[in-house]
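> one predicted model, sequence on top.
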Amino acid sequence: MNRTLPWDWYDGAIPQNVLVDPTAYLETTYSFAMFQSEQPTALEIGRGTSLYLGVMFDLGKSARMKIGSFVLMNGARIICDSQITIGDYCLISWNVVLMDTYRLPLNPSLRRTQLYLVPRCSPRRTSAPVPAQPIHIGPNVWIGFDSCVLPGVTIGQGAVVGARSVVTTNVPPYTIVAGNPARVIRQLEPVETGRISGSITRE
(Lines give C-alpha, C1' and ligand atoms only; values in the text may rest on other atoms or scores of the structure.)
Protein backbone atom coordinates (compact mmCIF):
# COMPACT_ATOMS: atom_id res chain seq x y z
CA MET A 1 0.00 0.00 0.00
CA ASN A 2 1.37 3.40 -1.01
CA ARG A 3 1.46 5.66 2.06
CA THR A 4 3.06 8.67 0.40
CA LEU A 5 1.14 11.79 -0.63
CA PRO A 6 1.23 12.64 -4.35
CA TRP A 7 1.33 16.40 -3.69
CA ASP A 8 3.97 16.19 -0.94
CA TRP A 9 7.15 18.28 -1.06
CA TYR A 10 8.72 16.08 1.65
CA ASP A 11 10.16 12.66 0.81
CA GLY A 12 8.32 10.76 3.54
CA ALA A 13 5.43 8.40 4.16
CA ILE A 14 2.56 7.98 6.59
CA PRO A 15 3.65 5.52 9.31
CA GLN A 16 2.06 2.07 9.16
CA ASN A 17 0.46 2.46 12.61
CA VAL A 18 -1.42 5.63 11.59
CA LEU A 19 -5.03 5.19 10.41
CA VAL A 20 -6.24 7.96 8.10
CA ASP A 21 -9.84 8.12 6.89
CA PRO A 22 -9.98 8.29 3.06
CA THR A 23 -11.79 11.65 3.26
CA ALA A 24 -9.18 13.26 5.56
CA TYR A 25 -6.50 15.59 4.19
CA LEU A 26 -2.82 15.69 5.16
CA GLU A 27 -0.76 18.46 3.59
CA THR A 28 2.62 16.76 4.16
CA THR A 29 4.20 13.69 5.71
CA TYR A 30 6.73 16.03 7.32
CA SER A 31 4.15 16.11 10.12
CA PHE A 32 5.57 12.70 11.13
CA ALA A 33 9.26 13.68 11.14
CA MET A 34 9.36 13.32 14.97
CA PHE A 35 6.87 10.45 15.19
CA GLN A 36 8.22 7.50 17.22
CA SER A 37 5.16 5.71 18.59
CA GLU A 38 5.35 1.92 18.53
CA GLN A 39 1.71 1.36 19.46
CA PRO A 40 -0.28 -0.86 17.03
CA THR A 41 -2.69 2.01 16.40
CA ALA A 42 -0.76 5.09 17.40
CA LEU A 43 -2.83 7.75 15.64
CA GLU A 44 -6.34 7.81 14.18
CA ILE A 45 -7.45 10.67 11.92
CA GLY A 46 -11.20 10.90 11.39
CA ARG A 47 -13.54 11.60 8.51
CA GLY A 48 -13.20 14.95 6.76
CA THR A 49 -10.39 16.15 9.03
CA SER A 50 -7.83 18.57 7.55
CA LEU A 51 -4.24 18.84 8.82
CA TYR A 52 -2.27 21.67 7.25
CA LEU A 53 1.37 22.71 7.05
CA GLY A 54 3.13 22.98 10.39
CA VAL A 55 1.18 20.29 12.23
CA MET A 56 3.81 18.15 13.98
CA PHE A 57 3.19 14.83 15.69
CA ASP A 58 5.97 14.49 18.27
CA LEU A 59 4.69 11.17 19.64
CA GLY A 60 6.88 9.08 21.95
CA LYS A 61 7.14 5.30 21.83
CA SER A 62 4.09 4.65 24.04
CA ALA A 63 1.94 7.51 22.73
CA ARG A 64 -1.59 7.17 21.38
CA MET A 65 -3.69 9.89 19.79
CA LYS A 66 -7.15 10.08 18.25
CA ILE A 67 -8.45 12.99 16.16
CA GLY A 68 -12.18 13.02 15.48
CA SER A 69 -14.14 13.88 12.35
CA PHE A 70 -14.17 17.29 10.61
CA VAL A 71 -11.34 18.68 12.74
CA LEU A 72 -9.25 21.54 11.37
CA MET A 73 -5.64 21.87 12.57
CA ASN A 74 -3.18 24.41 11.23
CA GLY A 75 0.42 24.59 12.44
CA ALA A 76 -0.19 22.86 15.79
CA ARG A 77 2.55 21.02 17.72
CA ILE A 78 1.57 17.79 19.48
CA ILE A 79 3.91 16.51 22.22
CA CYS A 80 2.53 13.22 23.46
CA ASP A 81 3.96 10.39 25.55
CA SER A 82 0.65 9.07 26.91
CA GLN A 83 -2.66 9.91 25.20
CA ILE A 84 -4.33 12.88 23.53
CA THR A 85 -7.88 12.82 22.16
CA ILE A 86 -9.55 15.54 20.08
CA GLY A 87 -13.31 15.38 19.52
CA ASP A 88 -15.33 16.00 16.36
CA TYR A 89 -15.65 19.49 14.83
CA CYS A 90 -12.71 21.02 16.70
CA LEU A 91 -10.69 23.98 15.47
CA ILE A 92 -7.04 23.98 16.55
CA SER A 93 -5.43 27.24 15.42
CA TRP A 94 -1.91 28.27 14.42
CA ASN A 95 0.97 27.52 16.80
CA VAL A 96 -1.18 25.75 19.39
CA VAL A 97 0.83 23.34 21.57
CA LEU A 98 -0.80 20.29 23.14
CA MET A 99 1.62 18.62 25.54
CA ASP A 100 0.77 15.73 27.86
CA THR A 101 4.35 15.66 29.19
CA TYR A 102 7.14 18.12 29.98
CA ARG A 103 9.76 15.65 28.71
CA LEU A 104 12.32 16.97 31.24
CA PRO A 105 12.48 16.83 35.05
CA LEU A 106 11.77 19.96 37.08
CA ASN A 107 14.86 19.35 39.22
CA PRO A 108 17.63 21.52 37.68
CA SER A 109 20.48 19.06 38.26
CA LEU A 110 18.50 16.17 36.72
CA ARG A 111 17.50 18.40 33.82
CA ARG A 112 21.12 19.35 33.25
CA THR A 113 22.08 15.67 33.09
CA GLN A 114 19.43 15.03 30.45
CA LEU A 115 20.53 18.00 28.36
CA TYR A 116 24.11 16.73 28.51
CA LEU A 117 22.93 13.46 26.93
CA VAL A 118 21.02 15.04 24.03
CA PRO A 119 24.04 15.38 21.66
CA ARG A 120 24.61 11.62 21.99
CA CYS A 121 21.09 10.79 20.81
CA SER A 122 19.96 10.28 17.23
CA PRO A 123 17.72 12.06 16.58
CA ARG A 124 18.65 14.65 19.18
CA ARG A 125 15.78 14.65 21.65
CA THR A 126 15.15 14.25 25.35
CA SER A 127 13.84 10.98 26.75
CA ALA A 128 13.76 11.47 30.50
CA PRO A 129 11.43 9.14 32.45
CA VAL A 130 9.02 11.87 33.56
CA PRO A 131 5.28 11.24 34.05
CA ALA A 132 2.73 12.01 31.34
CA GLN A 133 -0.95 12.83 31.88
CA PRO A 134 -3.55 12.44 29.11
CA ILE A 135 -5.23 15.43 27.47
CA HIS A 136 -8.87 15.19 26.38
CA ILE A 137 -10.50 17.80 24.15
CA GLY A 138 -14.25 17.47 23.70
CA PRO A 139 -16.24 18.03 20.49
CA ASN A 140 -16.83 21.51 19.05
CA VAL A 141 -13.90 23.08 20.91
CA TRP A 142 -12.06 26.09 19.46
CA ILE A 143 -8.48 26.70 20.66
CA GLY A 144 -7.10 30.10 19.62
CA PHE A 145 -3.65 30.68 18.14
CA ASP A 146 -0.45 30.50 20.23
CA SER A 147 -2.25 28.70 23.08
CA CYS A 148 -0.71 25.91 25.15
CA VAL A 149 -2.61 23.05 26.79
CA LEU A 150 -0.62 21.40 29.58
CA PRO A 151 -0.58 17.81 30.89
CA GLY A 152 -3.73 16.35 32.43
CA VAL A 153 -6.17 18.96 31.08
CA THR A 154 -9.69 18.14 29.88
CA ILE A 155 -11.49 20.76 27.78
CA GLY A 156 -15.26 20.27 27.78
CA GLN A 157 -17.35 20.29 24.64
CA GLY A 158 -18.23 23.58 23.05
CA ALA A 159 -15.57 25.50 24.99
CA VAL A 160 -13.46 28.30 23.47
CA VAL A 161 -9.85 28.99 24.49
CA GLY A 162 -8.76 32.55 23.76
CA ALA A 163 -5.60 33.26 21.77
CA ARG A 164 -2.26 33.00 23.60
CA SER A 165 -3.75 31.26 26.63
CA VAL A 166 -1.97 28.73 28.84
CA VAL A 167 -4.47 26.09 29.95
CA THR A 168 -3.34 24.51 33.22
CA THR A 169 -6.66 23.19 34.61
CA ASN A 170 -9.84 21.62 33.25
CA VAL A 171 -12.18 23.81 31.19
CA PRO A 172 -15.94 23.37 31.75
CA PRO A 173 -18.16 22.75 28.71
CA TYR A 174 -19.57 25.80 26.90
CA THR A 175 -17.27 28.35 28.51
CA ILE A 176 -14.78 30.87 27.18
CA VAL A 177 -11.41 30.87 28.92
CA ALA A 178 -8.40 33.12 28.32
CA GLY A 179 -5.17 34.27 29.92
CA ASN A 180 -2.04 32.87 31.54
CA PRO A 181 -3.10 30.85 33.38
CA ALA A 182 -6.42 30.57 31.54
CA ARG A 183 -9.50 31.54 33.57
CA VAL A 184 -13.21 31.45 32.79
CA ILE A 185 -14.28 34.70 31.08
CA ARG A 186 -17.93 33.85 30.61
CA GLN A 187 -20.44 31.10 29.89
CA LEU A 188 -21.70 30.71 26.35
CA GLU A 189 -25.43 31.23 25.88
CA PRO A 190 -27.47 28.28 24.52
CA VAL A 191 -28.10 30.00 21.18
CA GLU A 192 -24.32 30.53 20.78
CA THR A 193 -23.60 26.87 21.41
CA GLY A 194 -26.14 25.59 18.89
CA ARG A 195 -28.06 23.68 21.56
CA ILE A 196 -31.27 25.48 20.64
CA SER A 197 -30.95 25.95 16.89
CA GLY A 198 -28.43 25.78 14.09
CA SER A 199 -27.22 22.27 14.84
CA ILE A 200 -25.26 20.46 12.14
CA THR A 201 -27.13 17.90 10.08
CA ARG A 202 -25.03 14.87 9.24
CA GLU A 203 -25.38 13.31 5.84
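That came through fine. This is a predicted model, so every value here is computed, not measured.
> which intervals of the chain have sub-threshold pLDDT?
Low-confidence segments of the chain (pLDDT under 70): 1, 190-203.
> 90 - rerun?
Along the chain, segments meeting pLDDT under 90 span 1-2, 103-131, 189-203.
> neighbours around P119, how many?
8 (other C-beta atoms under 10 Å). For every residue, glycine as well, the C-beta is placed using N, CA and C.
> swap that for V161, sorry
27.
> so what's it closest to, chain neighbours aside?
I143 (4.5 Å; C-beta to C-beta, 6 or more residues apart in numbering).
> bridging residues for the one you found?
Assessed by DSSP bridges, I143 has beta-bridge partners I92, V161.
> and the gap between it and S165?
Per C-beta to C-beta, to the nearest Å, I143 is found 8 Å from S165.
> neighbour-wise, which of those two wins?
Each of I143 and S165 has its neighbours counted (other C-beta under 10 Å); I143 has more, 28 against 25.
> residue contacts, that one?
Shown in contact with I143 (C-beta atoms under 8 Å, 6 or more residues apart in numbering): C90, L91, I92, S93, V96, I137, V149, I155, V161.
> which residue is the nearest non-sequential neighbour of the second one?
If you skip the residues right next to it in sequence, L91 has W142 as its closest partner in space, 4.5 Å away by C-beta to C-beta, 6+ apart.
> in three-state terms, label R112 for me.
Put simply, R112 is helix when judged by DSSP: H, G, I helix; E, B strand; the rest coil.
> A182 against V160, yeah?
No. Contact criterion C-beta atoms under 8 Å: A182 and V160 do not qualify, at 10.6 Å.
> doesn't A159 make contact with P173?
Yes. Contact criterion C-beta under 8 Å: P173 and A159 qualify, at 6.1 Å.
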